[in-house]
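Asker: compute the structure for the input listed below.
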Amino acid sequence: MSTAVSTQAQNRSLVKSIVAGAIAGLGGGVIFGMMMAMMGMLPMVAMLAGSQDPMIGFVVHMAISAAIGGVYGLVAGRLSQNALTGVIAGAVNGVIWWVLGALVAMPLMLGMSNMVLQISGAQWMSLVGHIIYGIVTGLLFIPLSKRI
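Answerer: Numbers count the residues shown, from 1 in each chain. The predicted structure is shown next:
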């Protein structure tokens, strides 16, 4: 019986970490989304949904931000919860998703396979945005994981 209770507690803890991460990801997504809006990048994100409307791009960006935040919560829920860990783990998360998302998945999804892993000025700005997203997400995750 105690094994079942222990498994249920672990499952609840896992779900709480994913939810806290998703909410933290939305916070990071708002900051990164504002940067993307200023750089005129939201129409390209909207192309993932067959549009070029910046508002559609922002909605798509926020959905991706929440999903990536949930993945972050899944991993970060096992780390010590302090500001240094939040900054480092968040920045690493941002770099990982910059490579997976901006340098690989997005070009492939938009039919630009020749752009996979190609780095120019715009990609460096994207890296900065992803790192900021990651740090904000990492820092927001700490209090959220304790409250949820």
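Asker: where in this structure is pLDDT low?
Answerer: For the chain, applying pLDDT under 70 flags the ranges 1-5.
Asker: and the helices in it?
Answerer: 2-38, 42-46, 54-76, 83-97, 106-109, 121-147 (DSSP state H).
Asker: just put these in TSV and tack on mean neighbour count and distance to M115.
Answerer: Where C-beta positions appear, they are placed from N, C-alpha and C, glycine not excepted. As requested, the helices of the chain are exported to TSV (neighbours: other CB atoms under 10 Å; distance: least, CB to CB, whole Å):
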stretch	mean neighbour count	distance to M115
helix 2-38	17	17
helix 42-46	19	11
helix 54-76	20	18
helix 83-97	18	17
helix 106-109	15	4
helix 121-147	19	9
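Asker: now the residue nearest to T137 when sequence neighbours are not counted: how far from Q10?
Answerer: The shortest distance from T137 to any non-neighbouring residue, by CB to CB, 6 or more residues apart in numbering, is to G28 (3.6 Å). Distance, G28 to Q10, using CB to CB, to the nearest Å: 26 Å.
Asker: cool, and L108?
Answerer: Taking CB to CB, one finds L108 at 36 Å from Q10.
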